[in-house]
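[1] From the sequence below, what's the structure:
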Amino acid sequence: MNELVEVMWSAVSERAHPPVSFRGAGTLESRYAVSQFAAAAIATAGLAAGGEVVVDRPLADAWFGPALRPVGWQLPSPWDELAGDYRATDGWVRIHTNAPHHRLAAILALEVGEGGDERGRITATVAQMTAKEVEDAVVDSGGAAAVLRSPAQWAAHPQGIAVAAEPLIAWASVGHSEREPGFKVLDLTRVIAGPVATRFLAGLGADVLRIDPPDWNEPAVSPEMTLGKRSARASFHDAGGMRKLGLLIAEADVIVHGYRADALERLGLDDDAIRELNEGIVDVAIDAYGWTGPWRNRRGFDSLVQMSSGIAFGDPPSPLPVQALDHATGYLAAAAALEGLRRRRDSGQGSTAKLSLARTALALPWDESPETAQPESVQLETTGPETTQPETTQLETPWGDARLLRSPLTIDGRPLHWDKPPRDLGADAPVWA
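    So this is what the prediction gives:
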């Protein structure tokens, strides 16, 4: 465990870190050490905040899944009915259709037509194609898909080679500002990895403002991922929206974005443009497949990266029990934001930190000593010093009451705390408080 923390911490900072300790046993069963991975990633984010860190392992596992529990209502499924693994003539391919435009791209690419038994038609069509033919057709149409590769195949793939040469966090010192930084965090992220990072920062007291496009919705995850934040909408495809975004960047201390590597550049917001707006900003960027190599601009999600990288290798595919790449990358991104702010306070130096799900995947170790704790253990009453009682906090949300699991860590004895309940996307104005 401590070795994994040291690997992660060394990517964040060259400084010695305060003490860290772990309580309880892991609960996530996998051939990979997912519970250790979760605890280490959360610990690393806590260490970046400064102070002695204690991580509750069952709660760390729980926070790698849904930490918000609805009371008397249900969240919709996070998966579109067409999303999933399909058997091709030579193996497996996963198609990701959660976003409406990705769903339409897959339907058009495979020429199966809309309506009726779409999944059945996709299954029949894919069964007549190679997995790579499916992947290429969907990706070329603007969709998201991934062939199931073995770890060895990924290691020999041009993108696998490129990612392996990247650091866990790629740092660069850029710009300088004499302005004393505050804790304003501009959140340009979606779904899980980036929102996890900004949710953690909100739990430390950051003023987090999330910006989404006018037509974007995430009903399955927004109750989790808007915790502690304000949420606004703005279009990046008109002059008014871009003006608003520029004003927000100019006043921000941290910007966290989770778009593809070339997305902001295509909007006219490359690194130089962001520095012109705010020379000393801490810029934290997350993408799926890395920042170099032929797939650096490819659409990707945790489940797809698990397929590509060989983590899910098996027949049928055998994914992780949670979206661990998303969550771990999010906590590492939060650590990078905090380290960037420290550097800014010490020297006035701005910075960029780049992370990817594919590079985080390389830090996931095999589980060489499986633990016996069961996933249900976070639901049990306290029976001894090594067992955690899953205390929760009552929250009022726009969708109904909910219970939030208590913080998975303490820093100098203090838990994370969120002073804003979850909210609808776009509930606030796109201005700083």
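[2] Which secondary structure state is assigned to His210?
    His isn't right for residue 210; it's Arg. Arg210 carries the three-state label strand when classified by DSSP: H, G, I helix; E, B strand; the rest coil.
[3] contacting residues for the spatially closest residue to it that is not a sequence neighbour?
    In space, and not counting its chain neighbours, Arg210 is closest to Asp187: 3.9 Å by Cβ to Cβ, 6 or more residues apart in numbering. Where C-beta positions appear, they are placed from N, C-alpha and C, glycine not excepted. By Cβ atoms under 8 Å, 6 or more residues apart in numbering, the residues touching Asp187 are Gly194, Pro195, Thr198, Val208, Leu209, Arg210, Ile211, Lys229, Val256.
[4] let's see it at 10 Å
    Counting by Cβ atoms under 10 Å, 6 or more residues apart in numbering, Asp187 touches 194-195, 197-199, 201-202, 206, 208-212, 225-226, 229-232, 252, 254-258.
[5] Look up the pLDDT of it for me, please.
    pLDDT for Asp187: 98.
[6] Which strand or helix spans it?
    strand 184-188 (DSSP states H and E).
[7] next structured bit after that strand?
    That would be, after strand 184-188 and using DSSP H and E, helix 193-203.
[8] List the buried residues in that following helix.
    Ala193, Gly194, Pro195, Val196, Ala197, Thr198, Arg199, Phe200, Leu201, Ala202, Gly203 (16 or more other Cβ atoms under 10 Å).
[9] got CSV for the residues you listed, with pLDDT too?
    Listed next are the buried residues of helix 193-203 as CSV, based on pLDDT from 0 to 100:
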residue, pLDDT
Ala193, 98
Gly194, 98
Pro195, 98
Val196, 98
Ala197, 98
Thr198, 98
Arg199, 98
Phe200, 98
Leu201, 98
Ala202, 98
Gly203, 98
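[10] in the protein, which helix or strand is least confident?
    Lowest on mean pLDDT, DSSP states H and E among the helices and strands of the chain sits helix 263-266, with a mean of 87.
[11] how distant is the following helix or strand past that one from the center of its chain?
    Using DSSP H and E, the next helix or strand after helix 263-266 towards the C-terminus is helix 271-277. Helix 271-277 has its C-alpha centroid displaced from the chain centroid by 24 Å (Cα atoms, centre = their mean, to the nearest Å).
[12] Mind putting the buried residues of helix 193-203 into TSV with distance to Phe313?
    Shown next, in TSV, are the buried residues of helix 193-203 (distance: Cβ to Cβ, whole Å):
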residue	distance to Phe313
Ala193	22
Gly194	27
Pro195	28
Val196	25
Ala197	28
Thr198	32
Arg199	31
Phe200	31
Leu201	34
Ala202	36
Gly203	35
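[13] Now the longest helix seen in the chain: buried residues?
    Determined from DSSP state H, the single longest helix within the chain is helix 324-347. Across helix 324-347, burial judged by 16+ other Cβ under 10 Å covers 324-344.
[14] picking that back up, ok, the strand holding Asp187: who's next to it in the sheet?
    Applying DSSP bridges, strand 184-188 is found paired with strand 207-212 (parallel), strand 254-257 (parallel).
[15] low pLDDT regions in the protein?
    368-390 (pLDDT under 70).
[16] Swap in 80 and give it another go.
    1, 368-391 (pLDDT under 80).
[17] next one: stretch 19-36 to chain centre, how far?
    19 Å.
[18] got the end-to-end distance for it?
    17 Å (Cα to Cα, to the nearest Å).
[19] One more: stretch 422-430?
    17 Å.
[20] Asp212: how many residues sit nearby?
    21 (other Cβ atoms under 10 Å).
[21] The one 5 residues further on now?
    Other residues near Asn217 number 13, with proximity taken as other Cβ under 10 Å.
[22] Does it touch Pro100 like I think?
    Yes. Counting by Cβ atoms under 10 Å, Pro100 is a contact partner of Asn217 at 9.5 Å.
[23] surely Gly142 meets Arg103?
    No. Judged on Cβ under 10 Å, Gly142 makes no contact with Arg103 at a distance of 11.1 Å.
[24] Now do the phi/psi pair for Val53.
    phi -110, psi 130 (degrees, to the nearest 10).
[25] what bridges to it?
    Val20, Ile411.
[26] measure it to Ala39 for me?
    10 Å (Cβ to Cβ, to the nearest Å).
[27] Would you mind grabbing the residues shared as contacts by those two?
    Val5, Val20, Phe22, Leu409.
[28] who wins for neighbours among those residues?
    Neighbour-wise, the shared contacts of Val53 and Ala39 (other Cβ under 10 Å) top out at Leu409, 26 neighbours.
[29] Now Leu320: which helix or strand?
    With DSSP H and E as the test, Leu320 turns up in no helix or strand.
[30] Number the residues from 44 up from this point.
    From this message on, residue numbering opens at 44, which makes the last subject Leu363.
[31] what residues are up against it?
    71, 73-75, 77, 80, 107, 345-346, 349, 354-355, 404, 407.
[32] Quick check: helices, which of those are part of them?
    Val77, Phe80, Asp345, Ser346, Gln349, Ala404.
[33] The third one contacts Val239, correct?
    Meaning Asp345. No. Checked against Cβ under 10 Å, the pair Asp345 and Val239 is beyond contact range at 11.1 Å.
[34] which residues do these two both contact?
    Taking Cβ under 10 Å, 6+ apart as the contact rule, Asp345 and Val239 both touch Gln366, Asp369, His370, Ala371, Thr372.
[35] just checking, the fourth one touches Met51?
    Yes. Under the criterion of Cβ under 10 Å, Ala371 makes contact with Met51 at 8.4 Å.
[36] joint contacts of the two?
    Phe80, Ala83, Ala84, Thr87, Ala88, Thr403, Ala406.
[37] Max pairwise distance over the residues you listed: which two?
    Ala88 and Ala406 (14.3 Å; Cβ to Cβ).
[38] Comparing these two, which residue is more hemmed in?
    Between Ala88 and Ala406, counted using other Cβ under 10 Å, Ala88 has the larger neighbour count: 31 against 18.
[39] Determine the set of other helices and strands touching whichever strand or helix holds that one.
    Taking DSSP H and E as the criterion, Ala88 maps to helix 77-92. Packing contacts for helix 77-92, counted by 3 or more Cβ pairs under 10 Å, 6 or more residues apart in numbering; DSSP states H and E, involve helix 45-55, strand 63-66, strand 96-99, helix 100-106, helix 236-246, helix 367-390, strand 452-454.
[40] Fine by me, thanks again.
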